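Undergrad: sharing a model that was predicted from the sequence below.
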Amino acid sequence: MKKKKKVNAAILIIGNEILSGRTQDKNISFLCNWLNSSCGIAVLQVRIIPDVEKIIIENIRSLSKKFNYVFTTGGIGPTHDDITAASISKAFKLKYKYHKEAFKILETYYGEGEFNDGRKKMAKMPANAKLIYNPSSAAPGFITKNVLSLPGVPSILNSMIENCKKYLVKGLKVHSKTINIFTVESNISKQLGHIQKKYIKSVDVGSYPFFRLGKIGVSIVSRSTSKKKLNDVNKDLMKIIRSKRIKILNI
């Protein structure tokens, strides 16, 4: 596939159980890391919404216009509150119907006697959707236009993720470097601001406080698609750290 300089994505987590606090989401960090490191795709927005048709439709329409890709998780199972597939169909004004291949996969997996209505429901999706194969529990995810729909169960999503690659245009890989130092943010905030301004178009610089070995510290993280610019930033950072005689934990 051809590479673009910048390819982005949004993640849409769908599920009342996430918003209620009953279930802790593990998919956001996994998807962000996989998209950035394996595909060069930057995740620029994450939303968590309930299993409400109107809200799903509104978010699918707005995100699919704004970003190159939208990844949804949750709501494609066999129960009454799994409405993601039907809602995406309405969002794009497509028929919601049985996908022949998905139906056959599930029928084979469960067997004729165990292939009940709930399980058949997992084969219903937007017309002309392309399948994202599931090596764990058979029920496939699907892609509609630029929206990739995956299950909410982390172990199943993880097993399926590589099957998304064929649908994605890869961007440039984002490189990162972290310097951990023993100091407080206020001691370096002004200098970090100057560095970020200097490299605003090519490098993102962030600072994140931590408490380790009984001391307060800061992790300075710089990220860029350019290794050269990343090295330039870190040279400037090291000059500041040495001039202030700040102890480095590790680089």
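TA: Structure's in. What do you need? Numbering: from 1, shown residues only.
Undergrad: so where's the stretch 101-250 of the chain shaky on pLDDT?
TA: Filtered on pLDDT under 70, the stretch 101-250 of the chain yields the residue ranges 250.
Undergrad: could you give the separation of stretch 185-199 from the chain centroid?
TA: Relative to the centre of its chain, stretch 185-199 is centred 28 Å away, using C-alpha atoms, centre = their mean, to the nearest Å.
Undergrad: how about the CA coordinates for that stretch, as PDB?
TA: Provided in PDB are the C-alpha atoms of stretch 185-199 (Å, rounded to 0.1, in the frame of the first residue of the first chain):
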ATOM      1  CA  GLU A 185       7.900  20.400  36.300                       C
ATOM      2  CA  SER A 186       8.000  24.000  37.300                       C
ATOM      3  CA  ASN A 187      11.800  23.900  37.200                       C
ATOM      4  CA  ILE A 188      11.800  23.200  33.500                       C
ATOM      5  CA  SER A 189       8.400  24.300  32.300                       C
ATOM      6  CA  LYS A 190       9.700  27.600  30.700                       C
ATOM      7  CA  GLN A 191      12.500  25.900  28.800                       C
ATOM      8  CA  LEU A 192      10.200  23.100  27.600                       C
ATOM      9  CA  GLY A 193       7.800  25.700  26.300                       C
ATOM     10  CA  HIS A 194      10.700  27.300  24.300                       C
ATOM     11  CA  ILE A 195      11.700  24.000  22.800                       C
ATOM     12  CA  GLN A 196       8.100  23.100  21.900                       C
ATOM     13  CA  LYS A 197       7.700  26.400  20.100                       C
ATOM     14  CA  LYS A 198      11.000  25.900  18.300                       C
ATOM     15  CA  TYR A 199      10.000  22.500  16.900                       C
END
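Undergrad: mind listing what's buried along that stretch?
TA: Of the residues in stretch 185-199, 188, 191-192, 195-196, 199 count as buried by neighbour count, 16 or more other C-beta atoms under 10 Å. The way it works is simple: take the backbone N, C-alpha and C, and place the C-beta from them, glycine included.
Undergrad: what's the answer for stretch 227-235, then?
TA: Here stretch 227-235 shows 229-230, 232-234 as buried, counting by 16+ other C-beta under 10 Å.
Undergrad: equivalent analysis for stretch 89-102, please.
TA: Residues 89-92, 94, 99, 102 are the ones in stretch 89-102 that count as buried (16+ other C-beta under 10 Å).
Undergrad: please enumerate residues in contact with it?
TA: 53, 56-57, 60-61, 64, 85-86, 88, 120, 122-129, 131, 139-140, 142, 144-145 (C-beta atoms under 8 Å, 6 or more residues apart in numbering).
Undergrad: could you give the separation of that stretch from the chain centroid?
TA: Taking mean C-alpha positions (C-alpha atoms, centre = their mean), stretch 89-102 and its chain are 24 Å apart.
Undergrad: can you check stretch 115-129 too?
TA: Distance, stretch centre to chain centre, for stretch 115-129: 25 Å (C-alpha atoms, centre = their mean).
Undergrad: buried ones in that stretch, by neighbour count?
TA: Under 16+ other C-beta under 10 Å, the buried positions of stretch 115-129 are 115, 119-126, 129.
Undergrad: export those as TSV, with columns for distance to residue 178.
TA: Formatted as TSV, these follow (distance: C-beta to C-beta, whole Å):
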residue	distance to residue 178
115	50
119	46
120	49
121	45
122	42
123	45
124	45
125	41
126	42
129	40
